[in-house]
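**Student:** Compute the structure for the input listed below.
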Amino acid sequence: MKLTDLSPALARTKAGMLFASLLLFSNVTFAQSKQDVIDAMMKEEMSNSQLQILAHQLFDEIGPRLVASPQMKKANDWAVATYKSWGIDAKNEKWGEWRGWERGISHIDMVSPWVRSLQGTQLAWSPGMGKKTTVSEVIILPDLADSNAFKEWLPAVKGKFVMISVNPPTGRPDDNLKQFALPQTYDKLTADAASMARAWTERIRRTGKTTRTLPVALEDAGALGIITNYWSKAFGADKIFDAHTKKVPTVDIGLEDYGLLYRLAESGGKPTISIHTESKELGMMPTYNTIGTIKGSEKPNEYVMLSAHFDSWDGGTGATDNGTGTLTMMEAMRLLKKFYPNPKRTIIVGDWSSEEEGLNGSRAFVEDHPDVVNNLQALFNQDNGTGRIINLTGQGFKDAGDFLTRWLAAVPDTLKKRIVTRFPGTPSTGGSDNASFVTAGAPGFSLGALNWGYSTITWHTNLDTYDKVIFDDVKNNAVLTAILVYMACEDPQTLPHTKADGIKWTDPTKSIRNGRLEDIKK
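**Tutor:** Sure, this is the predicted structure:
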């Protein structure tokens, strides 16, 4: 029987029922297809994750990624090739130049009053010594009355290695002290450590110099090298940052060995050390962001971004800062390309360089791509270690809570049950690359991770290596990111860039595109 054979009223009833049935069927089908994509990404990541392969290639084979170093460029090229092997368009996008420097070997030994090979390394951008090895006495920066006394003492550094860091009263981390020390012992050691740190800061201040200018004054006065220790308050961990000397090496010596030298020098033992460091100055080198793109099919001029900084300090291999964030985004892109190859909005992944020197790569991208910033649906950034994601805020955007809650609703409970959300939240001002977008008025969300001792054990330390990665957590992060990006792409609504009332916002900071150029000129 046809609808035309029925009475008009009955025909209208039948037509309405048919339309309702078709609508219900289409909604169920749409829901099922969306769930199918999510289930497929979950299954792939849990049974066929590529994270360990990628981690070995990046951390072990390529190594640390100091901005403008040969390893950084090698990593950029590796990422482009990896994306292309997955069928993802990718390129290295030049945004500036930076002083190029390549680390060589470091050998540091105590040769008197007895022989011991010391744990230590030259700091980034430290001047090399060529094939020369230098042997001399170690002295300590004394506690002087003022800058005039410092000037009078300064000739004493000629031909010596000078120690310029505090020697703490204990090399035991706080959690170890809390576990074993008597309360009065714990209180005394922590009070002594704080007091000694303040006194050392005052010691440097009275020279009339800063931690940046003191090493230069010492080398200009004839010091053979600068000895530092920046203990990270974890067993065996030191922060390895950059040197400020221009002619002689600056080396960090591990806490245990630094304390040995310090006590010997302080007691009049006149310890003698041998230092040999090699490095290469490469001049100003081009710097790149690696950008991967999956073109949108319905709204190609609206964007959803994945974000992580690719560079690292080079005391370790940059495994958790920010190798795990980078691999989270790379693996999420692999999942998206495989199971969501024709997204409604354009998907972009940004692997940024020179984050460690001030978010320069991502800030340059924001400056160079206003079209992306103005039409950004959402950016998801990860940059605080190997831990599973446990917090997400609205970054101060008025409507972020509605959108993020809707997107999170599609995430399996096993991934989202530990996540704490705060809306509208407060906008990031720095610290990681999402801030480059937030300060420009675009929704850049930080995927905050469980700590895993990040701040003391691996953040900028010599211990930030492959073995610290918790791959189960990174798997969760990769598939969570992929699902959030998928949902943001599929959402028929566009997230407004409206700022919540009563929140203070920070203006954008310009990128530094000629980094450490002043060192080249000198």
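**Student:** C-alpha only now, for contacts and for neighbours.
**Tutor:** Noted.
**Student:** A helix includes Thr326, no?
**Tutor:** Yes: secondary structure assignment (DSSP: H, G, I helix; E, B strand; the rest coil) places Thr326 inside a helix.
**Student:** Share the number of residues neighbouring it, please.
**Tutor:** Residues near Thr326, counting by other Cα atoms under 10 Å, number 30.
**Student:** Check the one 5 residues further on too.
**Tutor:** The burial count assigned to Glu331 is 24, neighbours taken as other Cα under 10 Å.
**Student:** That one: which element?
**Tutor:** Assigned by DSSP states H and E, Glu331 belongs to helix 324-339.
**Student:** I'd guessed Asp146 sits against Gly208; true?
**Tutor:** Yes: between Asp146 and Gly208 there is a contact under Cα atoms under 8 Å: 7.2 Å.
**Student:** all helices in the stretch 51-200 of the chain, in order from the N-terminus.
**Tutor:** 51-55, 70-85, 147-153, 174-180, 183-206 (DSSP state H, counting those that start in this stretch).
**Student:** Please state the offset of whichever helix or strand comes after the longest one from the chain centre?
**Tutor:** So that's helix 183-206. Elements were assigned by DSSP H and E; along the chain past helix 183-206, the next helix or strand is helix 214-220. Averaging C-alpha positions (Cα atoms, centre = their mean, to the nearest Å) puts helix 214-220 31 Å from its chain's average.
**Student:** How about helix 214-220, which residues are buried there?
**Tutor:** Leu214, Pro215, Val216, Leu218, Glu219, Asp220 (16 or more other Cα atoms under 10 Å).
**Student:** Is it possible to get TSV of those residues that adds pLDDT and distance to Asn360?
**Tutor:** Listed next are these as TSV, based on pLDDT from 0 to 100; distance: Cα to Cα, whole Å:
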residue	pLDDT	distance to Asn360
Leu214	98	27
Pro215	98	26
Val216	98	26
Leu218	98	31
Glu219	98	30
Asp220	98	31
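**Student:** Next one: Arg206 from Thr245, what distance?
**Tutor:** 20 Å (Cα to Cα, to the nearest Å).
**Student:** out of those two, which sits in the more crowded spot?
**Tutor:** With neighbours defined as other Cα under 10 Å, Arg206 and Thr245 compare such that Thr245 has more, 23 against 18.
**Student:** Quick check: the gap between the more buried one and Ile164.
**Tutor:** From Thr245 to Ile164 the distance is 13 Å (Cα to Cα).
**Student:** I'd like the next helix or strand past the helix holding Glu331.
**Tutor:** strand 345-352.
**Student:** CA-only coordinates of that following strand in PDB, if you can.
**Tutor:** Output of strand 345-352 as PDB, limited to C-alpha atoms (Å, rounded to 0.1, in the frame of the first residue of the first chain):
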ATOM      1  CA  ARG A 345      38.100  20.300  10.400                       C
ATOM      2  CA  THR A 346      41.800  20.500   9.500                       C
ATOM      3  CA  ILE A 347      44.100  18.800  12.100                       C
ATOM      4  CA  ILE A 348      47.600  20.300  12.600                       C
ATOM      5  CA  VAL A 349      50.300  18.900  14.900                       C
ATOM      6  CA  GLY A 350      53.000  21.400  16.000                       C
ATOM      7  CA  ASP A 351      56.300  19.900  17.200                       C
ATOM      8  CA  TRP A 352      57.900  23.200  18.500                       C
END
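**Student:** Contacts for that strand, please.
**Tutor:** Strand 345-352 is contacted from outside by 288-311, 326, 329-330, 333, 361-362, 433, 485, 489-490, using Cα atoms under 8 Å, 6 or more residues apart in numbering.
**Student:** That strand: what's the following helix or strand?
**Tutor:** helix 360-368.
**Student:** Check which residues of that following helix are buried.
**Tutor:** Under the neighbour-count rule (16+ other Cα under 10 Å), helix 360-368 has Asn360, Gly361, Ser362, Arg363, Ala364, Phe365, Val366, Glu367 buried.
**Student:** for stretch 266-276, same thing?
**Tutor:** Within stretch 266-276, judged by 16+ other Cα under 10 Å, the buried ones are Lys270, Pro271, Thr272, Ile273, Ser274, Ile275, His276.
**Student:** and what of stretch 305-322?
**Tutor:** Taking 16+ other Cα under 10 Å as the criterion, stretch 305-322 shows 305-322 as buried.
**Student:** Among the residues you listed, name the ones in strands.
**Tutor:** Met305, Leu306, Ser307, Ala308, His309 (DSSP state E).
**Student:** Among the residues you listed, pick out the one closest to Arg513, please.
**Tutor:** His309 (16.3 Å; Cα to Cα).
**Student:** my read: that closest one touches Gly358, true?
**Tutor:** No: using Cα under 8 Å, His309 is not in contact with Gly358; the gap is 11.1 Å.
**Student:** Output the lowest mean pLDDT helix or strand found in this structure.
**Tutor:** helix 8-48 (a mean of 65; mean pLDDT, DSSP states H and E).
**Student:** got the contact list for the residue lying closest to Ser165 once chain neighbours are set aside?
**Tutor:** Distance criterion Cα to Cα, 6 or more residues apart in numbering; nearest residue to Ser165, sequence neighbours excluded, is Thr228 at 5.3 Å. Going by Cα under 8 Å, 6+ apart, Thr228 touches Met163, Ile164, Ser165, Thr250, Val251, Asp252, Ile253, Tyr258.
**Student:** And the furthest pair within the residues you listed?
**Tutor:** Thr250 and Tyr258 (13.6 Å).
**Student:** where does the stretch 51-200 of the chain have low pLDDT?
**Tutor:** Along the stretch 51-200 of the chain, segments meeting pLDDT under 70 are nowhere present.
**Student:** just so I have it, where are all the helices in the stretch 401-522 of the chain?
**Tutor:** Going by DSSP H, counting those that start in this stretch, the stretch 401-522 of the chain shows helices at 413-416, 434-438, 471-490, 517-521.
**Student:** distance between the last one and the chain's centre?
**Tutor:** Think helix 517-521. 26 Å.
**Student:** For it, enumerate the helices and strands it packs against.
**Tutor:** Applying 3 or more Cα pairs under 8 Å, 6 or more residues apart in numbering; DSSP states H and E, we find helix 517-521 packed against strand 89-112, strand 272-294.
**Student:** out of those strands, nearest to Thr121?
**Tutor:** strand 89-112 (5.6 Å).
**Student:** Pairing partners for that closest one, with directions?
**Tutor:** In the sheet, strand 89-112 lines up against strand 116-117 (antiparallel), strand 272-294 (antiparallel), strand 514-515 (parallel) (DSSP bridges).
**Student:** per-residue confidence averaged over stretch 349-368?
**Tutor:** Here stretch 349-368 scores 98 as its mean pLDDT.
**Student:** Then stretch 512-522?
**Tutor:** 84.
**Student:** ok, now stretch 278-292?
**Tutor:** Computed over stretch 278-292, the average pLDDT equals 98.
**Student:** Contacts only, for the spatially closest residue to Ile62 that is not a sequence neighbour.
**Tutor:** Setting aside the residues directly before and after it, Ile62 is nearest to Gln71 in space (Cα to Cα, 6+ apart), at 6.1 Å. Going by Cα under 8 Å, 6+ apart, Gln71 touches Ile62, Gly63, Pro64, Arg65.
**Student:** re earlier: list just the nearest of the buried residues of helix 360-368 to Ala81.
**Tutor:** Out of those, the member with the shortest distance to Ala81 (by Cα to Cα) is Gly361, at 20.1 Å.
**Student:** Measure how buried Met42 is and give me the count.
**Tutor:** 23.
**Student:** For it, give its distance to Ala482.
**Tutor:** 9 Å.
**Student:** now swap in Val80 and tell me
**Tutor:** Taken as Cα to Cα, the span from Val80 to Ala482 is 19 Å.
**Student:** try Leu51
**Tutor:** For Leu51, the distance to Ala482 - Cα to Cα - is 14 Å.
**Student:** Looking at the two, which one has more neighbours?
**Tutor:** Remark: of Leu51 and Ala482, Ala482 carries more neighbours, 29 against 20, as counted by other Cα under 10 Å.
**Student:** Show the contacting residues for the nearest residue to Asp174 once chain neighbours are set aside.
**Tutor:** In this structure, Asp174 finds its nearest non-sequential neighbour in Lys233, 7.4 Å apart by Cα to Cα, 6+ apart. By Cα under 8 Å, 6+ apart, Lys233 lies in contact with Gly171, Arg172, Pro173, Asp174, Thr456, Ile457.
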